[in-house]
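In: Mind folding the following:
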Amino acid sequence: MSGYTPDEKLRLQQLRELRRRWLKDQELSPREPVLPPQRVWPMERFWNKFLQDQAPWKKMIYKAYGHSIFAFTHVLIPAWLIHYYIKYHVTGDTILETGEVIPPMKEFPDQHH
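Out: Down below sits the predicted model:
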C-alpha cells in the first residue's frame with residue numbers, strides 16, 4: 001500500500017486551504033494598523049515645529065538649548081544643593097552658651113524703635 005488514502009488526501013487538502021485562508025487573513029489592509037495619536041509635550045511640539053525646515057541656524061539654537069538644559073540640570077542644580085547643604089547643615093563655628101546675660105538696651109523716650 002503506497003500513497004495516501006482518500007480520507008487523508010481530503011484532510012490534507014482541507015488543511016492546505018485552511019492555512020491559505022489564515023495567511024490571507026493575516027495581511028493588513030491599507031487602513032491598518034490604526035494607532036492612537038501620539039501625545040507630545042508642549043516644548044517637544046514647539047521644537048518639532050521649529051526644526052521642520054532643517055535650517056542650520058535653527059539646529060544651532062536647538063543644540064544650545066540642549067546644552068543649557070544639561071548645564072542647568074547637571075551643574076547648577078547640584079552646585080546649589082551642595083552649597084545649601086554646606087551652608088545650613090554642616091556644623092561650623094558654634095557659640096557655646098556661657099550663661100552670660102546680655103543687659104537690656106537703654107530706653108530712649110524720644111526715639112522710636
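
In: For residue 32, give its distance to residue 39.
Out: 21 Å (C-beta to C-beta, to the nearest Å). C-beta coordinates here come from the backbone N, C-alpha and C atoms, glycine included.

In: just checking, what packs against whichever strand or helix holds residue 49?
Out: Using DSSP states H and E, residue 49 falls within helix 42-50. Helices and strands touching helix 42-50, by 3 or more C-beta pairs under 8 Å, 6 or more residues apart in numbering; DSSP states H and E, are helix 56-71.

In: and the next element down the chain from the helix it packs on?
Out: Next element after helix 56-71 (DSSP H and E): helix 77-89.

In: Specify the angle between that next one and helix 56-71 in degrees.
Out: 30 degrees (axes from the mean of the first three to the mean of the last three C-alpha atoms, to 10 degrees).

In: now the angle from the helix holding residue 49 to helix 56-71?
Out: Interaxial angle, helix 42-50 versus helix 56-71 (the same axes, to 10 degrees): 160 degrees.

In: Centre of the chain to helix 42-50, how far?
Out: 15 Å (C-alpha atoms, centre = their mean, to the nearest Å).

In: what's the spacing between the residue positioned nearest the centre of the chain and residue 73?
Out: The chain has residue 41 as the residue nearest its centroid, 9.9 Å off, counting by C-alpha atoms, centre = their mean. Distance, residue 41 to residue 73, using C-beta to C-beta: 16 Å.

In: what about residue 53, how many neighbours?
Out: 7 (other C-beta atoms under 10 Å).

In: Need phi/psi at it.
Out: Per-residue torsions, residue 53: phi -80, psi 0 (degrees, to the nearest 10).

In: okay, it: pLDDT?
Out: Predicted confidence (pLDDT) for residue 53: 94.

In: Please apply the same query to residue 77.
Out: 98.

In: again with residue 90
Out: Looking at residue 90, its pLDDT stands at 75.

In: OK, contacts around it?
Out: By C-beta atoms under 8 Å, 6 or more residues apart in numbering, no residues touch residue 90.

In: measure it to residue 53 for me?
Out: Distance from residue 90 to residue 53, by C-beta to C-beta: 52 Å.

In: starting at the chain centroid, how far to the top helix by length along the chain?
Out: As assigned by DSSP state H, the longest helix anywhere in the chain is helix 6-26. Computed by C-alpha atoms, centre = their mean, the chain-centroid distance of helix 6-26 equals 50 Å.
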